[in-house]
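>>> quick one: sequence plus predicted model below, questions after.
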Amino acid sequence: MFRFLILTMFWITATVAHAAPLRIEIKNGVIEPLPFAAPYFVAENSAANQLAEDLVTVISQDLVGTGLFREIPQSAFISGITSFASPIQYADWKAINAQALLAGAVSVEGGSVTVKFRVYDVFANQELGAGLKFSGTKDGWRRIAHKVADVVYSRITGESGYFDSRVVFVAESGSKGQRRKRLAIMDYDGANVTYLTGADDIVLAPRFSPTGDRVLYTSYETGFPRIYVMDVGSACLFT
């Protein structure tokens, strides 16, 4: 009997020792994008008609591109926003499952653009923060759109937005034996490419300063590598 117990205990110990350990592998998290509605902004004068749509298009692209938001198409809207001062009909936006709502208005006077906007939590029936207004040049309307997207992103997620960012890079063109390298700058989404140097000299390794208003780069303008600093706010631009 004693020998049998010893053999039985040995078998149990050996079985536990050779058992495969439990392994749990998590490959992907599941994030459900937040559905939001962004009706075209109210055009407060006829000169703003096209911008009223273009601004919302860029803002929506910024938000959807993060993977955290899902845009509800304009065709699904039950009601629209015809005046920036009109009260929000929350029931109409809840009916299409919008959890966030962006409402805005734009006006154009000469070469200047003014954009007003508000962000709403639809299911809480309240505005997220206070309304804001941005002004700028008509040519700089895309940057205004990125700034609006930054605010919307920040108020919903609690994190800082990054859409109003610029990228400095070396643009290359020409055939293999005649490559041209120019210092260039663009919006984070690839729009508004602007050349900061000509194509006569080789430029390398551009970097933004911590304040973002200057660019540090290497140039062979003198025939030898030298480091230059350019004020991108007042730089002479090339086409």
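Received it, and whenever you're ready, just let me know what you need.
>>> care to break the protein down by domain?
34-157, 166-231 (automatic domain parsing).
>>> quote the end-to-end distance of the first one.
Spelled out, that is domain 34-157. Start-to-end span of domain 34-157 (Cα to Cα, to the nearest Å) is 10 Å.
>>> and the helices in the protein?
Here the chain has its helices, by DSSP state H, at 2-18, 49-64, 90-94, 141-157.
>>> for the third one, which residues meet the burial criterion?
Which is helix 90-94. Neighbour-count burial for helix 90-94, counted by 16 or more other Cβ atoms under 10 Å, picks out 90, 92-93. C-beta: built from backbone N, CA, C; applies to glycine.
>>> helix or strand with the lowest mean pLDDT in this protein?
helix 2-18 (a mean of 46; mean pLDDT, DSSP states H and E).
>>> what about Gly136, neighbour count?
By other Cβ atoms under 10 Å, 16 other residues sit near Gly136.
>>> got the contact list for it?
112-113, 143-144 (Cβ atoms under 8 Å, 6 or more residues apart in numbering).
>>> redo the residues you listed as TSV? Include neighbour count, pLDDT and distance to Pro225.
Output for those, formatted as TSV (neighbours: other Cβ atoms under 10 Å; pLDDT from 0 to 100; distance: Cβ to Cβ, whole Å):
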residue	neighbour count	pLDDT	distance to Pro225
Ser112	12	94	43
Val113	22	95	42
Arg143	19	91	33
Ile144	24	95	39
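>>> of those residues, closest to Ser46?
Val113 (14.0 Å; Cβ to Cβ).
>>> which residues in this structure form strands?
34-37, 42-43, 69-71, 100-109, 112-121, 126-127, 132-137, 166-173, 180-187, 194-195, 203-208, 214-219, 226-231 (DSSP state E).
>>> do you know the pLDDT at the nearest residue to Arg226 once chain neighbours are set aside?
In this structure, Arg226 finds its nearest non-sequential neighbour in Ser219, 6.1 Å apart by Cβ to Cβ, 6 or more residues apart in numbering. As predicted, Ser219 sits at a pLDDT of 81.
>>> Gly129 contacts Asp121, doesn't it?
No - the pair Gly129 and Asp121 does not pass the contact test of Cβ atoms under 8 Å, sitting 10.1 Å apart.
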